[in-house]
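In: Kindly return the folded structure for what I paste below:
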Amino acid sequence: MIRFRYLILLLWVSVICSLPLFATHPQTVQFSTAQQFLRGDFQGISVSSDGRLILAPSLEEVFDTEQPFIYSAVLSQSGDLYVGTGSNGKIYRIGTDGSGSEFATLPEPGVYALAIDSQNRILAATGPDGKVYRIDSQGQETVFYDPDEKYIWSMVLGPSGDLYVGTGPRGRIYRVNAQGNGSLFYDSSETHIMSLGLDPENSLLAGTAPGGLLIRLSSSAQPFVLYDSNLEEIKAITVDRYGVIYAAALSSGPPAPPSDGQKASSSPPESAAGTEATESTVEISGTAKGGRLEVYRISRDLMVETIYSSADQLAFDLLVRDDGNLLVATGDQGRILSISPQRFTTLLVDSREQQVTRMLEHAGTLYAITSNLGKVLKVTAQPTEKGSYESEPIDAGMIADWGVLRWTIHNPASTDIAFATRSGNTEKPDQTWSEWSTPYSLPSSAISSPPARYLQWKVEIGPGSRSGSLVSQTNAIDMVSVSYMQRNVAPEVRSISIFAPGIALMKFPPNNQMGVQPGGPDGAHARSLPRSIRDLDTQRGVPPPRKIYSPGARSFTWEASDANDDDLIYSIYLRREGESNWRLLKEGVEENNYTLDGASFPDGTYFLRVVASDSPSNPPDKAQQSELISSAFTIANAGPKIETETPRVQGNQATVRFKATVQTGSLYQAEYSVDGLNWLIVFPEDGIADETEEEFTFSLSDLQSGSHLVSIRVVDNNGNLSASQVEVSIP
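Out: Reported below is the predicted structural model:
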């Protein structure tokens, strides 16, 4: 064992050394949970609730109706299976030996519900022009009940033999006796009664749309809402032997029913209602609220629990097995899910058809009824002989060099497992991708697929992995991981912001009361750690630098990014307008801000250049950089110059004139004060203080006899202030 591990280590080292080290941040994508595996493509493979790929139960095709959709199905006591199709109104009968044939053809295009009465006669509900037909053993149909409704979506036989009929679009339920005489049983405020069932006390259960209500109705039609779903339609209802109710709710719009004689659409109606610091988080699959599908469990004391939820699946039927597991028939990928009483979800089977619309079980035989195309499948008691699984494509974000494919196997029993990879630069694999690689022989193998942005892996499990149980317990794929390194690309400085003159940026001291610098005095050790570890303080939020006033200061911040998520350092350069050379102010800057002491430079117009480098994360000969030049800004240390004229006095009034000029920038504001009283703003003679030279005039009135001191101050747009004063003498 030690020698084997040593060989694996040597292999890993040789792989790393043979790869071109473009960036020094290797990445690993790991598949180890049911949620991750469920995003792949299956054929003969199941995903267990504890996140293992195993051979799925075998699916055998029993009968092909050659119709696009099967909307309804029912089993007779003898085990004969009847299926109702669309859009030609055909009903087929499939015997226990698998032989099938057309049983009846009804005038309406869709057969949405089936039932069998006490005399083994088929009751078929149709739409549009909803009617209930009774069909004898020879396939001869007669109209059993016509409720004058557009659609009949659901039917259930009560304990006394009465038939309950759920309709739309007026949301009514009718009760029909054995002679075909019916009456209105319940008139809801909903549009459609999509599903019907019976609880252990034989009270009627009804699922509605578009309100998504699960209603219990007493024998006198007294309604009681068991649950008001936040989705739009209760699509399916079932009850286990303990009286626990299960319901599937969907979110989509009401179906657009085909008009009389209209051809089938491409799919059946989906619904009648129309890399972080945390390494990994594992949740019970399918428990997030909302989305397109929710499955509820309602206990005998009416406690409601959401046991499964999906943002992209639909459910067409529910079935509770004797072992307590709930089966969910889904679309749009034709999968059957198994939910344990502990709420763990297993992908039981994945059919090749788009939807599993109905499930039925007789004498231990489980039937899966599908649409697109309309077929009857049987789930056998043993795993399939072989299966394959293709992962969802791994997105490296850019061209990457692939490292090692690793996998672990639980309960290995044979070598009948083959892994392969392929790569490409389109989001979905197509003909431009590379061919599948030759099978990898070691559970830690260097990936041979060419560099690309995307990579996909697959595994094929052969017949040597079969076991005697429903799902295979041998050669279960526990974990698969792929490592890669991105090709290094240059960072990008996206913007430079210039603060107003006089604002200086002061960094807050580290939030460390002990004054200890993590990673040593220069932080070298910390910089070498993975970002998920050394950025722990960043996750708590590092405050931006504090702004303070400092005469002459010019401050800048910039935004920069790196597609490789490399660490960046910056070099800051300054150039005065008219000069050709850039002056280096500082290099090795780790922050994205800088304050310039403008008092150290002559007045003028300047430009700042920020150069970003990813050298901290790359070998010296592979590091790349980019730069950005700021817009023009001024450095002005000299205040405005004020030239006053001798005031003109007339009686107790005086007129004061002065001129203000600046060398750099423009004037901003002028004010005056008489005898130290309030400062008053004065506009220049042209009305706007926006030039390097402005002339000002203001008048003083009602001055008392004697000498008055008039103070003047002028501010430029760089924050520089100058003051002057004149004396006004009133006789």
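
In: can you give me the helices in the protein?
Out: 2-18, 34-37, 524-528, 531-534, 536-540 (DSSP state H).

In: which residues does the residue nearest to residue 497 when sequence neighbours are not counted contact?
Out: Once flanking residues are discounted, residue 497 sits nearest to residue 557: 4.9 Å by C-beta to C-beta, 6 or more residues apart in numbering. C-beta here means a position set from N, CA and C on the backbone, and glycine is covered the same way. Counting by C-beta atoms under 8 Å, 6 or more residues apart in numbering, residue 557 touches 496-497, 499, 505, 592-593.

In: at 10 Å what do you get?
Out: Shown in contact with residue 557 (C-beta atoms under 10 Å, 6 or more residues apart in numbering): 495-499, 505, 544-545, 591-595, 610.

In: which residues does residue 644 bridge with?
Out: Residue 644 forms beta bridges with residue 658, as assigned by DSSP bridges.

In: just checking, it touches residue 724?
Out: Yes. Here residue 644 reaches residue 724: they are 5.9 Å apart, a contact under C-beta atoms under 10 Å.

In: Mind listing the shared neighbours of the two?
Out: Contact with both residue 644 and residue 724 is made by residues 658, 660, 710, 712, according to C-beta under 10 Å, 6+ apart.

In: Okay, strands next: where are they in the stretch 451-600 of the chain?
Out: 452-461, 476-486, 492-498, 503-506, 546-549, 553-561, 569-576, 583-589, 593-597 (DSSP state E, counting those that start in this stretch).

In: right, so those: which one is the most enclosed?
Out: Mean neighbours per residue, mean count of other C-beta atoms under 10 Å, is largest over those for strand 452-461, with a mean of 22.

In: right, so of the strands of the stretch 451-600 of the chain, which gets closest to residue 220?
Out: strand 476-486 (53.9 Å; C-beta to C-beta).

In: for the closest one, what is the average pLDDT?
Out: If you average the pLDDT over strand 476-486, you get 93.

In: cool, and stretch 667-677?
Out: 93.

In: just stretch 709-716 next, same as before
Out: On average, stretch 709-716 scores 94.

In: Now do the buried residues in it.
Out: Neighbour counts over stretch 709-716 (16 or more other C-beta atoms under 10 Å) mark 710-716 as buried.

In: Stretch 158-171: which residues count as buried?
Out: Buried-residue list, stretch 158-171, by 16+ other C-beta under 10 Å: 158, 162-168, 170-171.

In: Same question for stretch 433-448.
Out: Neighbour-count burial for stretch 433-448 [16+ other C-beta under 10 Å]: 433-434, 437, 440, 444-447.

In: Can you name the two of the residues you listed that sit furthest apart?
Out: Farthest apart among the buried residues of stretch 433-448 - using C-beta to C-beta - are 433 and 444, which lie 23.9 Å from each other.

In: Quick check: phi and psi on the most centrally placed residue in the chain?
Out: For the chain, the residue sitting closest to the mean C-alpha position, by C-alpha atoms, centre = their mean, is residue 311 at 9.2 Å. For residue 311, the backbone dihedrals are phi -90, psi -10 (criterion: degrees, to the nearest 10).

In: In terms of pLDDT, where does it sit?
Out: 85.

In: And for the one 10 residues further on?
Out: On the pLDDT scale, residue 321 is placed at 91.

In: list the contacts for it?
Out: Applying C-beta under 10 Å, 6+ apart, we find residue 321 in contact with 240, 327, 338, 359, 361, 364, 366.

In: What separation is there between residue 490 and residue 571?
Out: 14 Å (C-beta to C-beta, to the nearest Å).

In: could you dump the contacts of residue 321 to CSV with distance to residue 626, pLDDT and neighbour count?
Out: Formatted as CSV, those follow (distance: C-beta to C-beta, whole Å; pLDDT from 0 to 100; neighbours: other C-beta atoms under 10 Å):
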residue, distance to residue 626, pLDDT, neighbour count
240, 64, 94, 16
327, 56, 95, 24
338, 53, 90, 23
359, 59, 96, 22
361, 64, 92, 15
364, 68, 83, 8
366, 61, 91, 21
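
In: Verify the contact between residue 711 and residue 671 for me.
Out: Yes. Between residue 711 and residue 671 there is a contact at 8.6 Å, judged by C-beta under 10 Å.

In: What number of neighbouring residues does residue 179 come out with?
Out: If you count neighbours by other C-beta atoms under 10 Å, residue 179 ends up with 8.
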